[in-house]
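[1] the following comprises the amino acid sequence and a computationally predicted model.
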Amino acid sequence: MKKLILSTAALAFTASFAMAQDVVRMGTEGAYPPWNFLNDNGEVDGFERELGDELCKRAELNCEWVTNEWDSIIPNLVSGNYDVIIAGMSITDDRDEVIDFTQNYTPPDPSAYAAMSDGVDVENGVIAAQTGTIQAGYVADSGATLVEFASPEETLAAVRNGEADAVLADKSFLAPFVDEDPDLVFTGPDVPLGGGVGMGVRESDTELRETFDAAIQSMKDDGSLNEMITKWDVSSTF
């Protein structure tokens, strides 16, 4: 009960911020299901769409959605093309040197290797990963040969066409593809990376970060965030 009272008080100051900011632009990739993707109507959908809409509602913010390719998603936040990144982005020290993060809205999601057969040498083989991800950084430091691609779909295509021995990505992203494709299997150990997933904001937008922090905390306190995580099966719960 004490946490709920504190969260309510923390949200109270957001009204002045909402009045000062007409529209908060929410930047996402739109290509990383179930976190974020474009539905049949071309609209942003997925866990982070539902989460972002709820956070904006609690913070009394008028929000709109913008899509951006992953490899330029941080530079375009910094340059002002949108105000927030909500795109399955793990909190890391390197990223935190360029932008600020809210508290995490999911715990760290294990990364996993997927390949066309079990027993692939993930320590010394050719491993595909999406450019600019914590998985790409891990592979580059692991001794394996890294091949990078702009989109997550291209990493899977590289494994299927023999260009890579395996792909390393969030297990929640890979699981539906492994379940649906009998030729794809998980191989090797899971890899714990990052400090969970958070919203990215410009370093100068302290008030916006605090506004979303309060909204995230209110969802943690009332259990609705865990319910949403379970619904979309994106991570373990808090």
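    Nice, thanks for sending it over.
[2] okay, domains of this protein per the record?
    Structurally, the chain divides into domains by automatic domain parsing as follows: 2-107+195-232, 111-191.
[3] rebuild these as a markdown table, extending it with mean neighbour count.
    In this view, the C-beta of every residue, glycine as well, is placed from N, C-alpha and C. What follows is those, written out as a markdown table (neighbours: other Cβ atoms under 10 Å):
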| stretch | mean neighbour count |
| --- | --- |
| domain 2-107+195-232 | 18 |
| domain 111-191 | 18 |
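[4] let's have those in JSON lines, adding distance to Phe238.
    Shown next, in JSON lines, are the domains of the chain (distance: least, Cβ to Cβ, whole Å):
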{"stretch": "domain 2-107+195-232", "distance to Phe238": "6"}
{"stretch": "domain 111-191", "distance to Phe238": "15"}
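[5] am I right that Ala140 is in contact with Val147?
    No. Between Ala140 and Val147 there is no contact under Cβ atoms under 8 Å: 10.7 Å.
[6] which strands or helices does the host helix or strand of Ser218 pack on?
    Here Ser218, judged by DSSP states H and E, is contained in helix 206-222. If you count contacts as 3 or more Cβ pairs under 8 Å, 6 or more residues apart in numbering; DSSP states H and E, helix 206-222 packs onto helix 2-12, helix 14-20, helix 47-58, strand 100-101, strand 200-201, helix 224-232.
[7] nearest residue to the middle of this protein?
    The structure's the chain has its C-alpha centroid closest to Gly88; by Cα atoms, centre = their mean the separation is 0.4 Å.
[8] hang on, that one is in a helix, isn't it?
    No. Counting by DSSP: H, G, I helix; E, B strand; the rest coil, Gly88 falls outside a helix, being coil.
[9] apart from its chain neighbours, what residue comes closest to it?
    Trp35 (3.9 Å; Cβ to Cβ, 6 or more residues apart in numbering).
[10] also Ala144?
    Computed as Cβ to Cβ, 6+ apart, the closest residue to Ala144 that is not its neighbour in sequence is Ile127, at 4.7 Å.
[11] what secondary structure does the one you found sit in?
    When the rule is three-state DSSP, Ile127 gets the label strand.
[12] run through the bridge partners of it.
    Ile127 forms beta bridges with Leu146, Ala166, as assigned by DSSP bridges.
[13] gap between it and Gly88?
    As judged by Cβ to Cβ, to the nearest Å, Ile127 and Gly88 stand 19 Å apart.
[14] swap in Glu123?
    For Glu123, the distance to Gly88 - Cβ to Cβ - is 26 Å.
[15] one more: Ala115?
    Using Cβ to Cβ, we find Ala115 at a distance of 22 Å from Gly88.
[16] quick one: contacts of the helix or strand containing Ala114?
    Ala114 is located in strand 111-115, with elements delineated by DSSP H and E. Strand 111-115 has contacts (Cβ atoms under 8 Å, 6 or more residues apart in numbering) with 120, 122, 127, 134-135, 138, 156, 159, 165-171, 174, 177-178, 184-188, 190-193.
[17] now with 6 Å, please.
    Applying Cβ atoms under 6 Å, 6 or more residues apart in numbering, the contact partners of strand 111-115 are 122, 135, 166-168, 170-171, 174, 178, 184, 186-188, 190-191, 193.
[18] I'm done for today, thanks for sticking with me.
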